[in-house]
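> Give me a 3D structure for the following:
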Amino acid sequence: MAGSLFVIFLFLFLGEAVARGLGVPVPGSVIGMILLTLALGLKAVRLEQVKPCADLLTKNLGLFFVPPGVGLILYFDLLRAEFLAIAGATVLSTLLVLAVTGRVAEFLERRGGAS
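Numbers count the residues shown, from 1 in each chain. Modelled structure (predicted):
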């Protein structure tokens, strides 16, 4: 478990270093996860090296949403005032994600890459 956690934090650190070093407007955690995904795809990191910690984090993912959810209470008046805009953006972005995901799945299926 400790080794698994180390690998995940290593890629988080690398992502933060890249984000700060290049000054890109992308969070370091996102860059780190992209780097980890690339390392897994290129077989530089084996899945078994990150699986124990990743499984634990995934099983407890709901806990990570509690603090931001509670923090939303502070902005309840703003959320109420902008409800239609927020709801519209949520519906539109959900439909867009579904459409893009469907197109990508069709493309991969035609290529024979989906299993």
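
> which helix is the longest one in this structure?
The longest helix of the chain (DSSP state H) is helix 83-111.

> Please work out the average pLDDT along it.
Helix 83-111 shows a mean pLDDT of 96.

> quick one: Phe11 and Met33 touch, right?
Yes - contact criterion C-beta atoms under 8 Å: Phe11 and Met33 qualify, at 7.1 Å. Every C-beta, even on glycine, is put in place using the N, C-alpha and C of the backbone.

> Between those two, which has more neighbouring residues?
It is Phe11, of Phe11 and Met33, that has more neighbours when counted by other C-beta atoms under 10 Å, with 24 against 15.

> can you list contacts of the least confident helix or strand in the chain by mean pLDDT?
The weakest-scoring helix or strand in the chain, judged by mean pLDDT, DSSP states H and E, is helix 66-71 (a mean of 88). Outside helix 66-71, not one residue touches it by C-beta atoms under 8 Å, 6 or more residues apart in numbering.

> Return that helix as PDB; C-alpha atoms alone will do.
Extracted in PDB, the C-alpha atoms of helix 66-71 (Å, rounded to 0.1, in the frame of the first residue of the first chain):
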ATOM      1  CA  VAL A  66     -18.400  16.300   1.400                       C
ATOM      2  CA  PRO A  67     -16.200  19.400   2.000                       C
ATOM      3  CA  PRO A  68     -17.000  21.100  -1.300                       C
ATOM      4  CA  GLY A  69     -20.700  20.200  -0.900                       C
ATOM      5  CA  VAL A  70     -20.800  21.700   2.600                       C
ATOM      6  CA  GLY A  71     -18.900  24.800   1.200                       C
END
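
> That one: what's the following helix or strand?
helix 76-81 (DSSP states H and E).

> then that following helix to CSV, C-alphas only?
Extracted in CSV, the C-alpha atoms of helix 76-81 (Å, rounded to 0.1, in the frame of the first residue of the first chain):
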residue,chain,number,x,y,z
PHE,A,76,-26.7,29.4,-1.4
ASP,A,77,-28.1,32.9,-2.3
LEU,A,78,-25.9,33.0,-5.4
LEU,A,79,-26.9,29.5,-6.4
ARG,A,80,-30.6,30.4,-6.0
ALA,A,81,-30.2,33.6,-8.1
